[in-house]
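In: Got a predicted structure here, sequence first:
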Amino acid sequence: MIEAILPAGVVAVDFFHDPPDVKLFPEEERLIERAVDKRRREFTTGRHCAREALGKLGLPASPLPSGPRGEPLWPAGVVGSITHCTGYRGAALGRLGQVRSIGIDAEPNAPLTGGVLDMVSLPEEREALRALEASRPGVHWERLLFSAKESVYKAWYPLAGRWLGFEDAVIDFDPDRGTFSARLLVDGPEGLEVFPGRWMAGRGLILTAVVL
């Protein structure tokens with residue numbers, strides 16, 4: 001599903017269920033040895049998606065440990081991103097040199113719970129969301145905003161190596177083209193003042209992707 005919003009040169013694998021009998025490498029198993037069942041299934045299927053995507057790039061399956069903020073650590077020469085939510089797991093990968101960084105996110109197409117919107121948005125974004133909600137009621141725009149910022153962060157962190165807060169980027173949506181742009185309000189990697197992205201809604205989900 002998510003491949004519909006990814007450019008050529010980026011491969012993706014996604015599942016709407018957790019395949020049985022998927023095995024983790026010992027290095028990965030140690031990361032979730034105390035995890036509850038839900039977290040274990042999300043992690044396992046996410047790593048399975050990533051390894052299937054490595055195969056699409058012509059690369060062998062390999063352990064995918066986690067970095068200091070839980071980000072997957074990719075084999076040399078690979079960049080990518082993993083996402084999961086209820087009923088969906090996906091991974092998108094590309095080769096370094098063709099792609100600089102990738103961030104993807106999946107969310108249910110449902111309202112954010114009380115108070116979350118104020119924590120993840122800026123006043124100008126909330127004003128824009130009100131107009132979008134009035135003209136395009138089939139999409140929960142506050143959830144889409146949250147997802148877009150998650151994708152921006154996932155693309156940002158491997159390049160900048162530091163935190164990017166929800167208040168550090170302003171998202172502007174184009175509802176007709178299914179695109180968005182994130183204008184950074186902090187200094188970032190050289191030449192990356194704006195992160196372009198794409199989004200889609202379907203099957204009860206919202207998906208966003210940023211590919212640099």
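Out: Yep, that arrived. This structure is a prediction, so every number in the text was calculated from the model and none was measured.

In: Pretty sure Val170 sits in a strand.
Out: Yes. Checked against DSSP: H, G, I helix; E, B strand; the rest coil, Val170 lies within a strand.

In: show me the contacts for it.
Out: Contact analysis of Val170 by CB atoms under 8 Å, 6 or more residues apart in numbering lists Leu122, Glu124, Glu125, Ala182, Arg183, Leu185. Every C-beta, even on glycine, is put in place using the N, C-alpha and C of the backbone.

In: so what's Gly114 scoring on pLDDT?
Out: If you check Gly114, the pLDDT there is 85.

In: quick one on the thing from earlier: show me just the buried residues among the contacts of Val170.
Out: Using 16 or more other CB atoms under 10 Å as the burial test, these include Leu122, Glu125, Ala182 as buried.

In: With distance to Thr83 added, can I get those residues in TSV?
Out: Output for the buried ones among the contacts of Val170, formatted as TSV (distance: CB to CB, whole Å):
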residue	distance to Thr83
Leu122	24
Glu125	22
Ala182	17
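
In: Next up, the contacts around Pro63.
Out: Pro63 touches Phe25, Pro26, Glu27, Glu28, counting by CB under 8 Å, 6+ apart.

In: sorry, back to before: inside helices: which ones of the contacts of Val170?
Out: Among the contacts of Val170, the ones falling in helices (DSSP state H) are Glu124, Glu125.

In: Can you tell me which of the contacts of Val170 is nearest Ala92?
Out: Nearest to Ala92 among those is Ala182, at 17.4 Å by CB to CB.

In: Bridge partners for that closest one, pull those for me.
Out: Going by DSSP bridges, Ala182 is paired in beta bridges with Ile171, Phe195.

In: gap between it and Leu145?
Out: Distance of Ala182 to Leu145, computed by CB to CB, to the nearest Å: 10 Å.

In: same check, this time on Gly165
Out: In this view, Gly165 and Leu145 are 14 Å apart by CB to CB.

In: Who has more neighbours out of these two?
Out: Remark: of Gly165 and Leu145, Leu145 carries more neighbours, 26 against 11, as counted by other CB atoms under 10 Å.

In: Tell me the predicted confidence for the more buried one.
Out: pLDDT recorded at Leu145 is 98.
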